[in-house]
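Visitor: Fold the following for me, if possible:
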Amino acid sequence: MEKLPWGTNSQLTANEFYNREDDIIHLKNFLETTSLGTPPTILLSGIRGIGKTALLKRVKNELKSDYLIAYLDLSHSYSFQVGELDEISLMQYIYTGWIDACEEKNFKRYVPRIKEIFKKNKFELKKIIEFGDYPIPIPETNDDYSGLLKLVLNLPQKIYEENKKEIKGVIMIIDEFQVLKDLGKNLDGFLWYFRSIIQSQRNVAYVFSGSIHSKDLIIEKIAGKTGAFGGRMLSFPINPFTENTVRKYLNEKLPSLKFKDNGFKRFYNCTQGVPYYVNTFANLLPKNLPLNDEDIKEEFKNSLPFLADHLKQVWGGLDLVEQKIITSIITGYSERKKIAENLKRTSGSLSRHLVKLQNIGLIQNISNGNYEVCETILKSWLKQEYINKGVFPYRLS
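Guide: Numbers count the residues shown, from 1 in each chain. Below you'll find the predicted structure:
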């Protein structure tokens, strides 16, 4: 039976992976300069569902025989999930990531050495607790935190130096790095300190990847002219598939999906060439039945609950003010003052809510305080919910 990988699947087989050959080659070429002592720092960016994680995991699998690679998804860290992300919890998460990488590479002998390294350093630790098989360092004071930060960030270079006969270099992949915005006022300081430590490392490459729009403020903070890595970071955007690429992909992988008249053009407009939506929508459509423009419109409306499935969790995590900000601008952009009037609130009281919605990629400030919803599937789903039920789903059942 013909089937495309579902949009939620980020661990694709070689047969399922499609049309990212150039991206894979370029990314591997950049990363393999690590073996020459010139490791890159890379910013991999793209909107939600574009396939960044699948691409990174593919590259990791192709390089793992020659390199020690730590892959971290910051959105999965416990401290972020409970809303308590700070520099110490971040270091602990990075630290356990390196231990995981060592064990995956069969450097198990090195795990006790890591514990020994911590005990031999000059700064005091409140304690080193065991978390499963991990020795987790807990700093005593802020000064000790500074030492812990430096030690954890220098750890990959030290691992390389003690294992350089077995590996060509070390790579850290930090996925969903936009989560760092939870550091708030400490973000700039952390990024600059991070850069000051890793810039002298000769055998460690870093890849920052995030579900962000090109206008996201964190891009300026990390890779802009005045950002921490400004001029030193390679920008690597991942773009949606073109209309021609999607047509070839469906013809090759799902030939039982038929279109007529302007059916395919409508399909592309609905999915915008985003692999998550292309795969999910294509799987849901009837097969061996030529579909025209009107057919696709109707099927799209019926499929929205499935296409928006991953966004429902995001929507459910918003407070009522944030949800109402989105529904107030769902038909078009609006200025902040007008949004405040619609919500019967002061403009100033919306600040943290607007920042959060921009941070998670649901809205964007297009100019002079005018905001619009930039997640098109969320917008379509909310509109359809209102049409069907006469009310927006502020409380999901």
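Visitor: which regions of the stretch 251-397 of the chain lie under the pLDDT threshold?
Guide: Scanning the stretch 251-397 of the chain for pLDDT under 70 picks out 397.
Visitor: how about the strands in it?
Guide: Using DSSP state E, counting those that start in this stretch, the strands found in the stretch 251-397 of the chain span residues 334-335, 363-367, 370-373.
Visitor: any chance of the ones you listed in a markdown table, plus distance to residue 315?
Guide: All C-beta atoms are positioned from the backbone trio N, CA, C, and that covers glycine. Formatted as a markdown table, the entries for the strands of the stretch 251-397 of the chain read as follows, by distance: least, CB to CB, whole Å:
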| stretch | distance to residue 315 |
| --- | --- |
| strand 334-335 | 19 |
| strand 363-367 | 13 |
| strand 370-373 | 12 |
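Visitor: Residue 19 contacts residue 249, doesn't it?
Guide: Yes. With contact defined as CB atoms under 8 Å, residue 19 reaches residue 249; the gap is 6.7 Å.
Visitor: All the helices of the stretch 1-150 of the chain, in order from the start?
Guide: 21-31, 52-63, 78-81, 87-104, 110-120, 142-163 (DSSP state H, counting those that start in this stretch).
Visitor: To residue 322, which of those lies closest?
Guide: Closest to residue 322 of the helices of the stretch 1-150 of the chain is helix 78-81 (CB to CB; 17.7 Å).
Visitor: quick one: buried residues of the closest one?
Guide: Using 16 or more other CB atoms under 10 Å as the test for burial, helix 78-81 gives 79-80.
Visitor: Counting by contacts, list what it packs against.
Guide: Packing contacts for helix 78-81, counted by 3 or more CB pairs under 8 Å, 6 or more residues apart in numbering; DSSP states H and E, involve helix 87-104.
Visitor: repeat that with 6 Å
Guide: Taking 3 or more CB pairs under 6 Å, 6 or more residues apart in numbering; DSSP states H and E as contact, there are no helices or strands that helix 78-81 lies on.
Visitor: And the chain, what are its domain boundaries?
Guide: 21-237, 243-307, 318-389 (automatic domain parsing).
Visitor: Please convert those to CSV, extending it with distance to residue 6.
Guide: Formatted as CSV, the domains of the chain follow (distance: least, CB to CB, whole Å):
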stretch, distance to residue 6
domain 21-237, 12
domain 243-307, 6
domain 318-389, 15
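Visitor: Quick check: which of the ones you listed is nearest to residue 4?
Guide: When the domains of the chain are ranked by proximity to residue 4, the top entry is domain 243-307, at 4.4 Å, counting by CB to CB.
Visitor: What distance separates the opening and closing residues of that closest one?
Guide: The first residue of domain 243-307 is 19 Å away from its last residue (CA to CA, to the nearest Å).
Visitor: Comparing residue 19 and residue 249, which shows the higher neighbour count?
Guide: Higher neighbour count among residue 19 and residue 249: residue 249, with 19 against 14, using other CB atoms under 10 Å.
Visitor: And whatever helix or strand residue 222 lives in, what's buried?
Guide: Using DSSP states H and E, residue 222 sits within helix 217-223. By 16+ other CB under 10 Å, the buried positions in helix 217-223 come out as 217-219, 221-223.
Visitor: Just put those residues in a markdown table and tack on distance to residue 378 and pLDDT.
Guide: Below are these laid out as a markdown table (distance: CB to CB, whole Å; pLDDT from 0 to 100):
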| residue | distance to residue 378 | pLDDT |
| --- | --- | --- |
| 217 | 21 | 75 |
| 218 | 20 | 81 |
| 219 | 22 | 82 |
| 221 | 25 | 84 |
| 222 | 26 | 86 |
| 223 | 27 | 83 |
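Visitor: any idea which of those is closest to residue 366?
Guide: Nearest to residue 366 out of the buried residues of helix 217-223 is residue 217 (CB to CB; 13.8 Å).
Visitor: ok, the nearest residue to that closest one once chain neighbours are set aside - how many residues close by?
Guide: Once flanking residues are discounted, residue 217 sits nearest to residue 358: 7.5 Å by CB to CB, 6 or more residues apart in numbering. Neighbourhood size, residue 358 [other CB under 10 Å]: 21.
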